[in-house]
Structures are given as C-alpha cells and as structure tokens.
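Enquirer: Structure of the sequence below:
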Amino acid sequence: MTLVLNDPLPIRPAAPADPRKQAHERAKLAKRLRRQVGQAIADYGMIEDGDKVMVCLSGGKDSYTMLDILLQLQKKAPVRFELVAVNLDQKQPGFPEHVLPEYLRSIGVPFTILEQDTYSVVKRVVPEGKTLCSLCSRMRRGALYTHAREQGFTKIALGHHRDDLVATFFMNLFFHAKLASMPPKLRSDDGEHVVIRPLATCREADLVAYADWKQFPIIPCTLCGSQENLQRKQVGRMLAAWDREFPGRVDTIARALADVRPSQLADTKLFDFLSLGRLGDAPLPDAHAWLAGDEASPLPEF
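Expert: Coordinates of the predicted model:
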C-alpha cells in the first residue's frame, strides 16, 4: 500500500443555498430590524404625530437601512409623520452625484441634496496624516442643522447603530476619562434640534446582511476611509475580537448602557454621597480641612 503525502483533497463545489431557507432567514432579519426600530421609537419617544423627520442619508449601509425600515413602519404607524431624505454632498473627488437621486426617485421618497465643499476645507486645515473626522463631523452637523431649521424639521434621524454606541462608550472611557456614549435621543447643544437614532439597538452585522440583501447602491467615503489608525477603528477591532472570542459580550455591554446605577459609581453630581449615612446636620469639613494636617507635615528628605 503506497501512502501519498500532501495529496490535495478534492475541491467540492459549495452546495447551492436553499431558496426557501434563504427567504425565511431574510424575513426573520427584516422582522427583527422592524421590531428593534419600532421598540426604540416607542421607548425613547423618537417620533410623534405630525413630526417632519429629516432622514440623514450618507450613502452607507446604515442610513439606507434606516430609511428603508422607517418607510416600512410609516405605513402602519399609530401616528402620522413625514420622512424626507437629506444628503450632504461634501464635494469629495469622484463622488457619484447621480446615485442617491436616482435611488430616491426610484422608491418615491422626497429628498434634498445639499452641496457644501467641506472636503477642500478639511484637507486644507488638517495637517497631512492627522485624523479628519472631528472637523468634518462638525462642519457636516452645522450644515444639516441649518437646513433643518430653515425647512422646519422637528426631528433629525441619524443612522448610528448599537455597535456605534458601544464603541463611543469605550472611546470616551479610554481617551476622555468619562462614562458617556451616543444617546438614542438628544437635544442639540444649541437647543434647537432633537436628534434621534432609530437603529440604536440594531447590530451592525444585521445591517450588513440587510444591505447586502437589498442591494443598496453603497457610496464609500473616500475622505476618511484610509485612516486606519483612528481611535474608533482601534476600538472597533477590540469589540470585533471580543465578539469572536466571547459571543454575546457586546450585547451585554449595550444592555448595560440602559441600566445605569448612579449609587454604584462615584459621580457626586449624580448621587448624593454626602447625605448618605449622615449623623447630624453640622456642615461637613471640606477637603482643605481634611488635608491641612498633611500640608503641615514636611516630606522626608532622601
């Protein structure tokens, strides 16, 4: 008997996907996303009767999916609201200007394309090799807020998902020493706008699968896509590794963002630690009084 080493195994063609099973999985995915978005809208009061919602459409998988799910919910929603897609054309070189208008016309959605050359400004102001996201996002936000005010939009919908919220939490924790994330609903710093994130509880993997199924005409962002060392990408790689090694960990962290216990942390602005266990009404000594004795003691000489 001759033993042949390193004999390659025969390559077998992949079995064709069962169309019925594929259709079933896609139906489950669509139902899950509708349920998650609908629950988030209800839990956080994102959309009310008579709202005029500006759906910020970037051309990426998240915003396409957000618009698609909101359109589905709009048909059977318990309240009446208006959806208008808005895209900011930042004049990036090679940006396919025809893609979004053609897609939005094909599905019958009213839309506006804003034109503002933020690309040239960011490239001119930010030194080569530095991250561009901070300045780019501020300029983009300013343009969108101005349009929302001028057109009377009552809500501004952004496509951030569950993984974005968790990543932002760790970015604030690691790089800014604070416990904060992207809230599902917020009022802008100027007090004029209410921003909502309908995908706040949706997994990115589900959005990828949904966009692939629907074959949305995805437009990549060439302005920031090559910046591999961004803090967000570093945190994203960490979360992806956790998801592979410890399935469910990111889900647990996301749920924790909605279950905060101020008394179990250390922020005196959120919990009255000073009153806890007080024996009397006399004023408590401040830190200076407690440290006065330490300040009077000279440090030992070496």
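Enquirer: List the contacts of residue 79.
Expert: Contacts of residue 79 were listed using C-beta atoms under 8 Å, 6 or more residues apart in numbering, and they are 47, 48, 49, 50, 51. Placement of C-beta: from N, CA and C, glycine included.
Enquirer: Phi first, then psi, for it.
Expert: With angles defined as degrees, to the nearest 10, residue 79 sits at phi -130, psi 160.
Enquirer: What's the per-residue pLDDT of it here?
Expert: pLDDT recorded at residue 79 is 97.
Enquirer: quick one: low-confidence parts of the stretch 151-300 of the chain?
Expert: Within the stretch 151-300 of the chain, the ranges that satisfy pLDDT under 70 run 221-229, 294-300.
Enquirer: same thing but at 90, please
Expert: Counting by pLDDT under 90, the stretch 151-300 of the chain has low-confidence residues at 189-191, 219-234, 277-290, 292-300.
Enquirer: Okay, helices next: where are they in it?
Expert: 162-176, 204-214, 231-245, 249-256, 287-296 (DSSP state H, counting those that start in this stretch).
Enquirer: Out of the ones you listed, indicate the one that is most buried.
Expert: helix 162-176 (a mean of 18; mean count of other C-beta atoms under 10 Å).
Enquirer: Contacts for that helix, please.
Expert: By C-beta under 8 Å, 6+ apart, the residues outside helix 162-176 that reach it are 178-182, 184, 197, 199-204, 231-232, 235-236, 238-239, 250, 253-254, 257.
Enquirer: Just the buried residues from the contacts of residue 79, in ChimeraX please.
Expert: Typed into ChimeraX, the line below selects the buried ones among those, using 16 or more other C-beta atoms under 10 Å:
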select :47,51
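Enquirer: biggest separation within the contacts of residue 79, which pair?
Expert: 47 and 50 (9.8 Å; C-beta to C-beta).
Enquirer: how would you label residue 121: helix, strand or coil?
Expert: With DSSP: H, G, I helix; E, B strand; the rest coil as the basis, residue 121 sits in helix.
Enquirer: In terms of helices and strands, where is the nearest residue to it once chain neighbours are set aside?
Expert: Using C-beta to C-beta, 6 or more residues apart in numbering and skipping residues adjacent in sequence, the residue nearest residue 121 is residue 139, 6.7 Å away. According to DSSP states H and E, residue 139 maps onto helix 133-151.
Enquirer: Residue 187 bridge partners, please.
Expert: When bridges are called by DSSP bridges, residue 187 pairs up with residue 194.
Enquirer: so who does it touch?
Expert: Counted by C-beta under 8 Å, 6+ apart, residue 187 has contacts 193, 194, 195.
Enquirer: possible to save these as CSV with distance to residue 94 and neighbour count?
Expert: What follows is these, written out as CSV (distance: C-beta to C-beta, whole Å; neighbours: other C-beta atoms under 10 Å):
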residue, distance to residue 94, neighbour count
193, 31, 19
194, 34, 18
195, 30, 23
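Enquirer: Look up how far residue 238 lies from residue 172.
Expert: Distance from residue 172 to residue 238, counting by C-beta to C-beta, to the nearest Å: 14 Å.
Enquirer: out of all of them, which helix in this structure is the longest?
Expert: Of all segments of type helix in the chain, defined using DSSP state H, the longest is helix 19-44.
Enquirer: and it, which residues are buried?
Expert: By neighbour count on 16+ other C-beta under 10 Å, the buried set for helix 19-44 is 30, 33, 34, 36, 37, 38, 40, 41, 44.
Enquirer: In contact with the first one, which residues?
Expert: Just to be clear, that refers to residue 30. 72, 210.
Enquirer: so residue 65 is in which element?
Expert: Per DSSP H and E: helix 61-76 holds residue 65.
Enquirer: Give me the below-cutoff pLDDT ranges for the stretch 1-150 of the chain.
Expert: Checking the stretch 1-150 of the chain against pLDDT under 90 turns up 1-20, 88-97, 115-143.
Enquirer: picking up where we left off before, and of the contacts of residue 187, the nearest to residue 68?
Expert: Using C-beta to C-beta, residue 195 is the member of the contacts of residue 187 that lies nearest residue 68, at 19.8 Å.
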